[in-house]
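Engineer: structure for this input, please:
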Amino acid sequence: MKFIRSVAVASLFVLPAIFSMQGAGRQLTGVYAPAATEPLSPEEAAKKMSLPEGFEARIFAVEPQVVNPVAMTWDDRGRLWVVELYEYPLGAAPGTKPRDQVKILEDTDNDGKADKVTVFADGLNLATGILLGYGGAFVGQAPDLLFLQDTDGDDKADKRTVLKTGFGLEDRHELLNGFTWGPDGYLYMTHGVFTRSTVKNPDDPNDDGVLMTAAVARYHPRSKKFEIFAEGTSNPWGVDFDRAGNAFVSACVIDHMFHMAPGGIYQRQAGSPPYPYAYELLPSIVDHKHFRAAYAGLQIYQGNQYPAEYKGAVLMGNIHDSAIHLDRMTPNGSSFKDSFVRDFVRANDGWFRPVSTQVGPDGAVWVMDWYDKYPCYQNAQADPEGVDRTHGRIWRIVYTGGDKSKAVPSHPEGLNLEKASTEELVRTLGHANVWQRRMAQRILSERQDAGSRAGLVALFRKGESLESRLAALWTLHTAGQLHSSDLELAAEDKEAPIRAWAARLIGERDEATLEMSAVLEKLGQDNDPAVRLAVATAVRQFVSGSLTVNTPPENMPEAKIGPILANIYFHAQSANDPVIPFMLWMAIEPMYAQNPGPLLDWFVDNGMRNPELGKKILRKAMLRLCDMGANEKIEMALEFIDRLPAEAAALAAGSLDGLIEGEKGKAFTSNENSSGILARLSRNSNREVALRARQLGTLWGDQAAIRSSIDLVLDSAKAPQDRVQTIQMLRQQKSPEVREAFTKVIRSDAPEAVKNAAILGISEVGGDAVPQLLLGNWNELSPALRRSVAEALSSRATWAQDLLGAIHDKKISVLEIPAPVVRTLVQSKDKGVRERAEAVIGKYRESNADKLKVIAEKKQAVLHGPIDLAKGHEVAQRTCFTCHKLYGEGADVGPDLTGVGRSSIDALLANVIDPNQIIGAGYENVEIETKDGRTVSGRMVENTDSRVKILSMGPKEEVIGKKDIESMRVSELSVMPEGLEQMPEEDFRNLIWYIFSPPQEKKPMSVEEERKALLKAQSSNVEEHADGESVALWNPEWRVFAAVHQNSPRKLPDFAGKHNVLVTHPSSASEPAMLERTLTIPSGKKTMLSAQVAADENGTWELRVRVNDRLIKTQTVDRANGTWKTVSLDLSQFAGEKVVMRLENGSRDHENEFAYWSELQVKSI
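Structural biologist: Just a heads-up that it's a prediction; the model follows:
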């Protein structure tokens, strides 16, 4: 939804968030900038909207009928139920009644506008989801999933039940949300990556709960079962299903559209999935990236009010862009590809925040509009009191064909499906509007009426549309009327989606019988990939109690699992499908983890019937054996590879790949048996098998393999890729022979990639002579190799001294040292290195005000001078693309820049020059010190019980065993280095313009036109003078946020008998100036805040002191009884806490409200 979390772009850009000096709280700029205009009336807003021809935006409800709408749904009568989220983002203050509520909005005269408002429930706190059914309202209010009931029919909730608890509250824009009924009868919901939930039964103290971070989850209202349906993405806000019952979500920050196959584990914004044994993350389905991407809600249009061409259109609200985009999906094997078509709605109003889009009972799309000047979660975090709590809108986007007077009622006349007969509801399953079909299914599911079966079976068999037939099949299941014979019939159907749901429902019903296994075995051969995927999903449900996390089933199935999965494996098209290999492994893994032998035996005899798929499955099978942590499992793996027939070289190579990957950082010791097998494999006639066998033996310390690997590394006739891979294995063997081999490569004329691998390798092997070796070859090295040498020498304190010595002696220019290395040196844990670095290099990090000054200076350099995008591309290849991708080029260390971090020149400059403003979770810089004294840093991408994996600039991957780690900490700084602005001015200007306006975007304005527009805007926006440099020097412990007003803020050397005085002034009556400091209040001591403050002789102002956003003191400051007033405040109540303290220069009447600050300090005694 709108409250998208920012991402610290790991090595070049951070999403823009410059703190300006305006507003009640901190105000952000760039993509987070508040709307620059005043709010529009609904009539004005509707006129400004751009829509396709023939469409109109009509208001259904507007403030004060609805304020802060965050979730909506309908009842069977077509009345709209809305959750109002007043308490975002902090929640209600202790001791106060929460203000969130559920309203019923009713259009009693059916003119398209709400005219009756009823408060169904109030006193809610951070409520974010709602769905109706089973005689009440399911409401998401973390930490609880609530069920609210009206027992006396007055539209007022008078009974409240906690169904589940344990939903997290860490990240207030990612709480449980997006409630939707699924085709299977479950209540579906979405949940964000930075909130951690352990969902439990409230009345069962022994319930271990279900762990959930980024996910689509589901809850069954009858069985109370809660499980993760599919895991991953970022901050999805709502889920929808297409005509075939496939689930989709939109996401923020990362790629924006995902097909969520049941049991899928998908790429995520940060962190690792709770289930570690998938060994793969499924990708998004997009073929494009949007420039401003903060998505909330998704609707696949299946209504009946729009022209036929809109059927199946994907509509997604983009909050940052104040628009709703229209995408189209096309099949891609068992999944899809999603492509952008055009805007569906462009508001042309910066207040428009579309949080949800849903098809309503009229067949049109309804849009829930939060309507706020703030676009983002970051705004709410910086200024929680500034979140708008006076606006909110519900729009209907209706098709009139250009007839503006055409009446489009908000619901069919007399709509009341709850009172419809069972026969009428069955007929409604054939309705052309998806709203009616879903509502009818929900009511029939609740009734569980045996009398519905005959009509449902008839509709399933002879329905006129696929939609009606599927609705009947789903309802047979959810209403408890489905028979095995129905599934057998569905499995023979001509329509692939029905055959797929035959398999899905066999799994959902846990019908692991011999009869149903025969059905699945046949479907496993189906030519439609979606059917085969559904079969694999069903088997996964048989062998595990959960789709995504292994939970042993209550009863082992009698079904014959092997033949079912074999048929999927044997199908020629399964290998290259985007999802089937993943789900096939997920179906195999629970059984394999219990007993690996049968699968390995099967592969010996049958694996070559689909070698491409076999390589993928066996790689994971070997990884799983490695993760079992037992030497006998590794022996089993080797013996299996040794047993493979000669023609199965592809399977052997894939298996060895898995062993090599799985054993990095682990401790298997080669023995006589394993050495013998490795020796045989090393002599294999297949080059790939022989090479990997030697590499694996090298990893394990097998002496014969090490000697062979050294020979290969030193053989200039061997392929560079093979030499690099072998060096990566050898680097874990810290022997003199390996060190000597690396030394020879570094001194040779080997290709750069091979030399680079040797430099990295020797940094891990160590040795007193390494600095002399690397520095002695400095002048012969390319810039890329010099970077690797500098990184290597900075990783150990003794070597760092040699590097600094070379800089001091002018053998190396400090300008040749990469910014991350400079940071490592000046912030070294070793005091000697740190002090010498400061002496040789100087102070590295600048203050915030200095940063702002540099940004301003660099902006002028960017706006003046020739621009060469081709040269900018070359600079990007040397810098940005070592960590990031832009339109497919570059590395995956940090987020893809295609969709983030480039909203404006100002934002771009801020990200480059001050990358540590905002560091999103998952992109922190993790620093590891090994037991042999080496320092490794970068972004952590894997953290298991046995090892961690670090990704750093290059890209460079380091796998470190937990047994080798001395210490590990998360730095407060981004992986992204500072200091890139120090490159030559021409290079910097070309780089900025290339990243801001890459040729692939084909912007309507050329870079020269863009520059002229920026210069014109700059010249017409001359601000009053303020001495920002002296303000920053006033008190470095405090940050100053103040509007420019009559030469303030500024620092005065002397004023009214005080020295070093700061002057500030509020921006407006509601927006104070502010001083801010973050500090930890020590325990066991008395901590006092003290200051001297004064007012202008012709004005007064209000001092407000806030700690962690809580107001703890106010004081009127005027000239009565003298110029200076003493401020004294005891902070001991916060002992032991890290706090953010703010001193506000607040307005009283906004005339001459200058604040004078002196002697500000915090002391502990």
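
Engineer: stretch 254-271: how far from the chain's middle?
Structural biologist: The gap between the average C-alpha position of stretch 254-271 and the chain average comes to 9 Å, counting by C-alpha atoms, centre = their mean, to the nearest Å.

Engineer: could you give me the buried positions within it?
Structural biologist: Buried residues in stretch 254-271, counted by 16 or more other C-beta atoms under 10 Å: 254-271. The C-beta positions use only the backbone N, C-alpha and C, and glycine is treated the same way.

Engineer: do stretch 203-219 as well
Structural biologist: Judged by neighbour count using 16+ other C-beta under 10 Å, the buried positions of stretch 203-219 are 210, 211, 212, 213, 214, 215, 216, 217, 218, 219.

Engineer: my guess is the fifth one contacts residue 228, does it?
Structural biologist: Looking back up the chat, that one is residue 214. No - with contact taken as C-beta atoms under 8 Å, residue 214 and residue 228 are classed as non-touching, separated by 10.0 Å.

Engineer: make sure residue 732 is actually in contact with residue 697.
Structural biologist: No - the pair residue 732 and residue 697 fails to qualify as a contact (C-beta under 8 Å) at a distance of 11.9 Å.

Engineer: look at these two and report which has more neighbours.
Structural biologist: Set side by side, residue 732 and residue 697 show unequal neighbour counts under other C-beta atoms under 10 Å, the larger going to residue 697 at 26 against 20.

Engineer: check which helix or strand that one maps to.
Structural biologist: Mapping residue 697 onto the secondary structure by DSSP states H and E places it in helix 687-700.

Engineer: just checking, what packs against that helix?
Structural biologist: Using 3 or more C-beta pairs under 8 Å, 6 or more residues apart in numbering; DSSP states H and E as the contact criterion, the elements in contact with helix 687-700 are helix 649-663, helix 672-682, helix 703-714, helix 720-730.

Engineer: tell me what the closest residue to residue 43 other than its chain neighbours is bridged to.
Structural biologist: The shortest distance from residue 43 to any residue other than its chain neighbours is 8.0 Å, reached at residue 59 (C-beta to C-beta, 6 or more residues apart in numbering). When bridges are assigned using DSSP bridges, the partners listed for residue 59 are residue 395.

Engineer: count of residues packed around residue 59?
Structural biologist: The local packing count at residue 59 equals 19, with neighbours defined by other C-beta under 10 Å.

Engineer: need the contact list for residue 1099.
Structural biologist: Applying C-beta atoms under 8 Å, 6 or more residues apart in numbering to residue 1099 gives the contacts 1118, 1151, 1152, 1153, 1154.

Engineer: from these, pick the one nearest residue 76.
Structural biologist: Nearest to residue 76 among the contacts of residue 1099: residue 1153, at 56.8 Å, using C-beta to C-beta.

Engineer: gap between the residue nearest to residue 43 and residue 52?
Structural biologist: Distance check for residue 59 against residue 52: by C-beta to C-beta, to the nearest Å, it reads 19 Å.

Engineer: quick one, what contacts residue 548?
Structural biologist: Taking C-beta under 8 Å, 6+ apart as the contact definition, residue 548 lies against 227, 228, 229, 230, 231, 263, 264, 265, 273, 274, 275.

Engineer: isn't residue 1060 right next to residue 1034, touching?
Structural biologist: Yes - at 6.5 Å, residue 1060 counts as touching residue 1034 under the criterion of C-beta under 8 Å.

Engineer: and the two? which has more neighbours close in?
Structural biologist: residue 1034 (23 against 17).

Engineer: quick one: that one from residue 1050, how far?
Structural biologist: Spatial separation of residue 1034 from residue 1050 under the definition C-beta to C-beta is 9 Å.

Engineer: endpoint to endpoint, stretch 167-185 covers what distance?
Structural biologist: Across its full length, stretch 167-185 reaches 22 Å end to end, with C-alpha to C-alpha, to the nearest Å as the criterion.

Engineer: how about it: buried residues?
Structural biologist: With burial defined by 16+ other C-beta under 10 Å, the residues of stretch 167-185 counted as buried are 167-168, 171-185.

Engineer: please apply the same query to stretch 382-399.
Structural biologist: Residues of stretch 382-399 classed as buried: 382-383, 386-389, 391-399 (neighbour count, 16+ other C-beta under 10 Å).

Engineer: do stretch 1067-1081 as well
Structural biologist: Of the residues in stretch 1067-1081, those with enough neighbours to count as buried (16+ other C-beta under 10 Å) are 1067, 1071, 1072, 1073, 1074, 1075, 1076, 1077, 1081.

Engineer: repeat for stretch 526-540
Structural biologist: Judged by neighbour count (16+ other C-beta under 10 Å), stretch 526-540 contains these buried residues: 526, 528-540.

Engineer: ok so, going back, among the helices and strands packed on helix 687-700, which is nearest residue 410?
Structural biologist: Between the helices and strands packed on helix 687-700, helix 649-663 lies closest to residue 410; by C-beta to C-beta that is 57.2 Å.

Engineer: next, the angle from the closest one to helix 687-700.
Structural biologist: Using axes from the mean of the first three to the mean of the last three C-alpha atoms, to 10 degrees, the direction of helix 649-663 lies 20 degrees away from that of helix 687-700.

Engineer: what helices and strands are in contact with helix 649-663?
Structural biologist: Taking 3+ C-beta pairs under 8 Å, 6+ apart as the contact definition, the neighbouring helices and strands of helix 649-663 are helix 611-627, helix 631-643, helix 687-700.

Engineer: could those be laid out in a markdown table, adding mean pLDDT?
Structural biologist: Converted to a markdown table, the helices and strands packed on helix 649-663 look like this (pLDDT from 0 to 100):
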| stretch | mean pLDDT |
| --- | --- |
| helix 611-627 | 97 |
| helix 631-643 | 95 |
| helix 687-700 | 92 |
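
Engineer: dump these into JSON lines; add distance to residue 747 as well.
Structural biologist: Compiled in JSON lines, the helices and strands packed on helix 649-663 are given as follows (distance: least, C-beta to C-beta, whole Å):
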{"stretch": "helix 611-627", "distance to residue 747": "36"}
{"stretch": "helix 631-643", "distance to residue 747": "36"}
{"stretch": "helix 687-700", "distance to residue 747": "22"}
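
Engineer: those helices: which one's closest to residue 1112?
Structural biologist: helix 611-627 (51.1 Å).

Engineer: following the least confident helix or strand in the chain by mean pLDDT, which helix or strand comes up?
Structural biologist: Lowest mean confidence among the helices and strands of the chain (mean pLDDT, DSSP states H and E): helix 1028-1034, at a mean of 56. Next in sequence after helix 1028-1034, counting helices and strands by DSSP H and E, comes strand 1039-1041.

Engineer: what are the pairing partners of that next one, and which direction each?
Structural biologist: Take DSSP bridges as the rule and strand 1039-1041 pairs in its sheet with strand 1073-1080 (antiparallel).

Engineer: what residues does the strand it pairs with touch?
Structural biologist: 21, 25-26, 1037-1043, 1049, 1062, 1064-1067, 1136-1145, 1155, 1157, 1160, 1162.
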